[in-house]
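Q: only geometry, no sequence info:
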């Protein structure tokens, strides 16, 4: 079975990703976004109880080319999304 190609943009919505795959998918997304030269990203993880948010942020905190991350502004998802700055 061929892998599914997902277009890389500056916004990535994790709602369609099974929770067990979130870490690996976010790692791959970050690598590809960095390779393509993106400097700012928005990762939508949802509000819920914060489990996916913490998974995303653990990946971000150990990714060398991530310089900063924070909650998105209210109009861009608030604490249901994370804004990421890349080198």
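A: Sure thing, it's come through. None of the values given here were measured: they were computed from a predicted structure.

Q: For the spatially most central residue of the chain, which residues are in contact?
A: Note on the chain: the residue nearest the mean C-alpha position is residue 43, at 3.7 Å, using C-alpha atoms, centre = their mean. Contact partners of residue 43, counting by C-beta atoms under 8 Å, 6 or more residues apart in numbering, are 11, 12, 14, 26, 29, 56, 81, 82, 84. All C-beta atoms are positioned from the backbone trio N, CA, C, and that covers glycine.

Q: and the one helix or strand it maps to, which strands flank it?
A: Taking DSSP states H and E as the criterion, residue 43 maps to strand 40-44. Listed by DSSP bridges, the sheet partners of strand 40-44 and their directions read strand 11-13 (parallel), strand 81-86 (antiparallel).

Q: Deepest in the core, which of these is it.
A: Ranked by mean neighbour count, these are led by strand 81-86 with a mean of 20 (mean count of other C-beta atoms under 10 Å).

Q: could I get the strands paired with strand 40-44 as CSV with mean pLDDT?
A: Formatted as CSV, the strands paired with strand 40-44 follow (pLDDT from 0 to 100):
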stretch, mean pLDDT
strand 11-13, 97
strand 81-86, 98
